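A.B. asks: build me a model:
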Amino acid sequence: MEGLGRFNNFIEKSKPYISMISLQFGYAGMNIITKASLNHGMSHYVLVVYRNAFAMLIIAPFALILERKVRSKITFPIFMQMFALGILGPVIDQNFYYAGLKFTSPTFSCAMSNMLPAMTFFIAFLCRMEKLNMKKLTCLAKIVGTIVTISGAMLMTFYKGQVVNFFWSNLVNARRSEVSGSAFDGDWVKGSIFLIVATISWAGFITLQAITLRRYQAELSLTGIVCGLGTLQSIAVTFVMEHRPSVWTIGFDMNLLAAAYAGIVSSSIAYYVQGKVMQKTGPVFVTAFNPLTMVIVAIMGSFILAEQFYLGGILGGVLIVMGLYVLLWGKYKEHKEEVMDGDEPIKVCANHIQTITCCVHQVNNNDVEMQRTTIVTNNEATMIIVPIHYVESEKITMIL
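C.D. replies: Coordinates of the predicted model:
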């Protein structure tokens, strides 16, 4: 029985790792299948429409059932935020990502996607959601990580270099002529810029999503609504950009598989798995597995798509991963410090015994200055150090 208990404990602790590794294989499959579909002439505008339609159809039933008691009223400001999320995510991010994928390669696109934490940190700083204290090591780590990550992206964009052959390259050389040459003969710089724009847009999506969830806390419903709005917005964009009715035709082929796979796996299952894992381990743990997708795609792409690797892409990818982990280390240490500060017992200093009921509002993790509240009683200052983990509008009764 003791051995069985240890085994069950091991399985329970391994679930987050197994889930995230499986998710990276799912993301890798999406990149490979989508690249194959684009190579066969699939319009990326139409692909975005079908992807978000599939995602909405999958998410909507769960949102209606599971969140029927927690959905709040959608006011006009909240709706405008949802509308903006649809533009940033499905319209800009996905279209530019697919366009960049078409001009480059799956491995290159995955490497560029690792810029996301750095771009999110930069946009959060511009929106004053991140505060910089140059005297703290964690802050310096986030800045250095961001600079190294962006440097790696620039290297990948403007320096292609010579082809690097691996030990299995001879096995796929015979198939190279069968593969579309868009990744080799196309405008590599244009594709790189598209991918950078997509990453910036996705970082903006994450930032705005965090703001929206403060006022509309039904996460599944928000995702379903954004996918629905994104579908309508993408249809409008497709009508403007694609004038051939034939582009909408889709059969039981690679194009249908690419749209269904991206919508079901990348936009539905991935959302649920990441949310569950994030509840147990935090966002840093989830983000730390992103480079694994690049490795899986590199191996799968070299065999399935006969993908070639260039020196600039390899060096830039290494820089991006190094910068990513430096940035994540800074975020992890910063979060750990905030948790330790928040778990300290509440300190009270007063000469008179009174009962005070105060209302503590949720505080942004990065806003350290708002963690202290001063209450004046009988002309004497009573300092209360408020932990950052209290939920919004939770009433606390204290004996002073």
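A.B. asks: list the contacts of residue 119.
C.D. replies: Counting by Cβ atoms under 8 Å, 6 or more residues apart in numbering, residue 119 touches 199-200, 202-203. All C-beta spots, glycine's among them, are computed from the backbone N, C-alpha and C.
A.B. asks: which one is it nearest to, not counting chain neighbours?
C.D. replies: Spatial nearest neighbour of residue 119, chain neighbours left out: residue 203 (3.7 Å); criterion: Cβ to Cβ, 6 or more residues apart in numbering.
A.B. asks: what about that neighbour, neighbour count?
C.D. replies: 22 (other Cβ atoms under 10 Å).
A.B. asks: list the helices and strands the helix or strand hosting residue 300 packs on?
C.D. replies: Using DSSP states H and E, residue 300 sits in helix 290-304. Packing contacts for helix 290-304, counted by 3 or more Cβ pairs under 8 Å, 6 or more residues apart in numbering; DSSP states H and E, involve helix 2-39, helix 106-113, helix 169-172, helix 311-342.
A.B. asks: switch to 7 Å and redo it
C.D. replies: In terms of contacts (3 or more Cβ pairs under 7 Å, 6 or more residues apart in numbering; DSSP states H and E), helix 290-304 is packed against helix 2-39, helix 106-113, helix 311-342.
A.B. asks: buried ones in it?
C.D. replies: Buried residues in helix 290-304, counting neighbours by 16 or more other Cβ atoms under 10 Å, are found at 290-294, 296-298, 300-302, 304.
A.B. asks: next one: stretch 15-32
C.D. replies: 16, 19-20, 23-24, 26-32.
A.B. asks: just to revisit the earlier point, any idea how far the helix holding residue 300 is from the chain center?
C.D. replies: Its chain's C-alpha centre lies 19 Å from the corresponding centre of helix 290-304 when counted by Cα atoms, centre = their mean, to the nearest Å.
A.B. asks: quick one: average pLDDT of that helix?
C.D. replies: Averaged over helix 290-304, pLDDT sits at 85.
A.B. asks: can you check stretch 240-248 too?
C.D. replies: Taken as a whole, stretch 240-248 carries a mean pLDDT of 91.
A.B. asks: quick check: end-to-end length of that stretch?
C.D. replies: Using Cα to Cα, to the nearest Å, the gap from the first to the last residue of stretch 240-248 comes to 13 Å.
A.B. asks: use 869 as the first number from now on
C.D. replies: Shifting the count to begin at 869 puts that one at stretch 1108-1116.
A.B. asks: who touches it?
C.D. replies: Under the criterion Cβ atoms under 7 Å, 6 or more residues apart in numbering, residues 911, 913-914 lie in contact with stretch 1108-1116.
A.B. asks: do the same with stretch 895-908
C.D. replies: Outside stretch 895-908, the residues that touch it by Cβ under 7 Å, 6+ apart are 912, 915, 966, 969-970, 974, 977-978, 1048, 1050, 1122-1123, 1125-1126, 1129-1130, 1133-1134, 1161, 1164-1165, 1168-1169, 1172-1173.
A.B. asks: give me the neighbour count for residue 1105.
C.D. replies: Burial measure for residue 1105: 18 neighbouring residues, criterion other Cβ under 10 Å.
A.B. asks: what's the answer for the one 4 residues further on, then?
C.D. replies: Burial measure for residue 1109: 13 neighbouring residues, criterion other Cβ under 10 Å.
A.B. asks: go on, residue 1206?
C.D. replies: Other residues within reach of residue 1206, judged by other Cβ under 10 Å, total 18.
A.B. asks: ditto for residue 1154
C.D. replies: Taking other Cβ under 10 Å as the neighbour definition, residue 1154 ends up with a count of 18.
A.B. asks: show me what contacts it?
C.D. replies: With contacts defined as Cβ under 7 Å, 6+ apart, the neighbours of residue 1154 are 888, 1142, 1145-1146.
A.B. asks: one more: residue 942?
C.D. replies: Contact criterion Cβ under 7 Å, 6+ apart gives residue 1084 as the residues in contact with residue 942.
A.B. asks: again, only this time at 8 Å
C.D. replies: Contacts of residue 942 (Cβ under 8 Å, 6+ apart): 950, 1084.
A.B. asks: got the phi/psi numbers for it?
C.D. replies: Here the main-chain torsion angles of residue 942 (degrees, to the nearest 10) amount to phi -90, psi 110.
A.B. asks: for residue 1002, same thing?
C.D. replies: Recorded main-chain torsions at residue 1002 are phi -60, psi -10, according to degrees, to the nearest 10.
A.B. asks: quick check: it vs residue 1061, distance?
C.D. replies: For residue 1002, the distance to residue 1061 under the criterion Cβ to Cβ, to the nearest Å works out to 31 Å.
A.B. asks: higher neighbour count, the two?
C.D. replies: For residue 1002 versus residue 1061, neighbours defined as other Cβ under 10 Å are more numerous around residue 1061 (16 against 7).
A.B. asks: hang on, the earlier thing: which among the contacts of stretch 895-908 end up buried?
C.D. replies: Applying the neighbour count, that is 16+ other Cβ under 10 Å, the buried entries in the contacts of stretch 895-908 are 912, 915, 966, 969-970, 974, 977-978, 1048, 1050, 1122-1123, 1126, 1129-1130, 1133-1134, 1161, 1164-1165, 1168-1169, 1172-1173.
A.B. asks: now for residue 929: which residues touch it?
C.D. replies: Shown here is residue 929, which makes no contacts under the criterion Cβ under 8 Å, 6+ apart.
A.B. asks: quick one on the thing from earlier: work out for me the element the residue nearest to residue 987 sits within.
C.D. replies: Taking DSSP H and E as the criterion, the element that holds residue 1071 is helix 1056-1083.
A.B. asks: mind listing what's buried in that helix?
C.D. replies: In terms of neighbour count (16+ other Cβ under 10 Å), helix 1056-1083 has its buried residues at 1056, 1059-1077, 1080.
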